[in-house]
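>>> dropping the sequence and predicted coords here.
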Amino acid sequence: MENLNKERRSSNVTVNGFKGEDATDYGVLRPTVPEGNTELRVMSFNIEKTLPTDDNGTLTDAARNRIEAVKNEILLYSPDLLGVQEDLGIWHDNLALDGYKVIRDTTISIGDEQCAIFYKSGLNLITAKTVWMSSNGKRNGVALTVADLFEEGGKYGMSREDLAILGITKDTPDSFFKELKTIYVDKNGVTRNSSKQYAYLGTRKLTYGVFEINGRYVIYVNTHLQNRSQNAIYSNEALQKLRSRERVKHFDMLQAIVDELKEIYTDAVVFVTGDFNDVPETEVYNNAFSHGYFCASVVAQERTGNSGTWNLAYNVKTQGDDYPHEADGSAGDTLDYCFVDQNITVQKFSVGAGKAAITAVDGSEKTIFTSDHLPIVTDICFTVEGLA
């Protein structure tokens, strides 16, 4: 990979649609890899599931334009490994990237999120799998169980008062978490009935790939954890705590899989990316540190791009086709992360612009906001010591 790395670093990169900012502002250019190291560029991108269709089930022009913008932003960075989130069925058939192979589970329902991993065709994939992070390992389960919640002093335990508010008793079946509720508390604290339904908890998944790169095993995990939904319908503090605890268990289940893989692939380097649906210094964020990971944005030798990973300029109704936007260049909370183990050096961490120039379906040249999340790009390196 050394010659390829040199070619990447010497490329004359230009960025269209960025109002003239230098490409380095968003981390497009790769850093120089230290001698005796292998470098990888890892990208994580929640591409926002909504792709509207017309009455015949055909993608609208706005949706087709956004797909093109998403592809352009990905290819601008040319990651070696890419983990996507919210890639539901319609995305499966429309996010094909030249020069990449993809890891996804073709046996699941077309309506389910994949959390796919794209990887450069030249990389050596050894094994890969998509896993439901649930207590029964299936789509119809959830990670957190009633027994977990009643384990006093346990990692996932909740107070009797909070459980009472949620209507959970020791005899409550785990399936209770999947029931749809129609009663909610609005932002003014008023209890209301609504036709809008929501589930307490939802089944989530991860996808992993094990690669052999320059004599070193590499374990890459991509995931999308339980959403936090901090809006009126989820304003109940007990419900927020419940959902937070499930995110913690999601990561614990993820780590259990990593530990099993490391028993087989010794001396592997490990990194995890995804939409964690939580801000820094919260339970799930700190839980990652307890498993020995470091946050790439914190330990990076260089950090570029936006401050957070929520794209305030994106509008789902227009599919991002409302450029320029008054919020362009500003970001909301940080929800997306790359966590790395102690064997990895993070040379650069970048939060992308969340927009890309395209030739639209009608032939016009325009810039489209790509998603409600901004992509994150992490340039890592590690020593190329041979396998045992």
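Yep, that arrived.
>>> ok, which stretches of the stretch 1-150 of the chain are strands?
Using DSSP state E, counting those that start in this stretch, the strands assigned to the stretch 1-150 of the chain run over residues 37-46, 81-85, 100-103, 117-120, 124-133.
>>> whoops, I mixed them up, the stretch 201-350 of the chain
204-213, 216-224, 269-275, 294-295, 302-305, 336-340, 345-351.
>>> residues contacting the third one from elsewhere in the structure, which ones?
Just to be clear, that refers to strand 269-275. Residues from elsewhere that reach strand 269-275, judged by C-beta atoms under 8 Å, 6 or more residues apart in numbering: 42-44, 46, 83, 85-86, 115, 206, 216-225, 254, 258, 262, 288, 293, 296, 335-341, 343-344, 373, 376, 378, 380, 382. C-beta coordinates here come from the backbone N, C-alpha and C atoms, glycine included.
>>> next one: stretch 164-181
Residues contacting stretch 164-181 (C-beta under 8 Å, 6+ apart): 135, 140-142, 144-146, 149-150, 163, 197-202, 236, 238-239, 242.
>>> quick one: contacts for Asn124?
For Asn124, the contacting residues are Phe211, Glu212, Ile213, by C-beta under 8 Å, 6+ apart.
>>> which stretches of the stretch 201-350 of the chain have low pLDDT?
228-235 (pLDDT under 70).
>>> tell me which stretches of it form helices.
Ranges of helices in the stretch 201-350 of the chain, per DSSP state H, counting those that start in this stretch, are 237-264, 283-290, 296-299.
>>> between those, which gets nearest to Pro31?
Shortest distance between Pro31 and these, using C-beta to C-beta, is found for helix 296-299: 13.3 Å.
>>> follow-up on the earlier one: buried ones among the contacts of strand 269-275?
42-44, 46, 83, 85-86, 115, 206, 216-225, 254, 258, 262, 288, 293, 296, 335-341, 344, 373, 376, 378, 380, 382 (16 or more other C-beta atoms under 10 Å).
>>> before we move on, back to that, distance to Asp93 added to the strands of the stretch 1-150 of the chain, as CSV?
Formatted as CSV, the strands of the stretch 1-150 of the chain follow (distance: least, C-beta to C-beta, whole Å):
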stretch, distance to Asp93
strand 37-46, 18
strand 81-85, 14
strand 100-103, 12
strand 117-120, 15
strand 124-133, 17
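>>> could you give the number of residues near the nearest residue in space to Phe289 that is not next to it in sequence?
Take Phe289 and drop its neighbours on the chain: the residue closest to it by C-beta to C-beta, 6 or more residues apart in numbering is Cys295, 7.8 Å away. Using other C-beta atoms under 10 Å, Cys295 has 18 neighbouring residues.
>>> go on, Glu161?
9.
>>> ok, now Leu166?
Leu166: 19 neighbours (other C-beta under 10 Å).
>>> please report the distance of Asp328 from Asp321.
According to C-beta to C-beta, to the nearest Å, Asp328 and Asp321 sit 13 Å apart.
>>> meant to ask about Tyr220
33 Å.
>>> Ile368 now?
In terms of C-beta to C-beta, Ile368 sits 6 Å off from Asp321.
>>> ok, now Ile257?
Here the criterion is C-beta to C-beta. By it, Ile257 lies 39 Å from Asp321.
>>> which one of these two is surrounded by more residues?
Using other C-beta under 10 Å, the more surrounded residue of Ile257 and Asp321 is Asp321, with 19 against 16.
>>> wait, the more buried one sits on Thr370?
No: taking contacts as C-beta atoms under 8 Å, Asp321 lies outside contact range of Thr370: 11.0 Å.
>>> residues shared between the contacts of those two?
With C-beta under 8 Å, 6+ apart as the test, Asp321 and Thr370 both reach Arg66.
>>> what ranges do the helices span in the stretch 1-150 of the chain?
2-10, 61-77, 89-92, 146-149.
>>> which of the ones you listed is buried the deepest?
Mean neighbour counts were compared across these using mean count of other C-beta atoms under 10 Å; the top stretch is helix 61-77, at a mean of 21.
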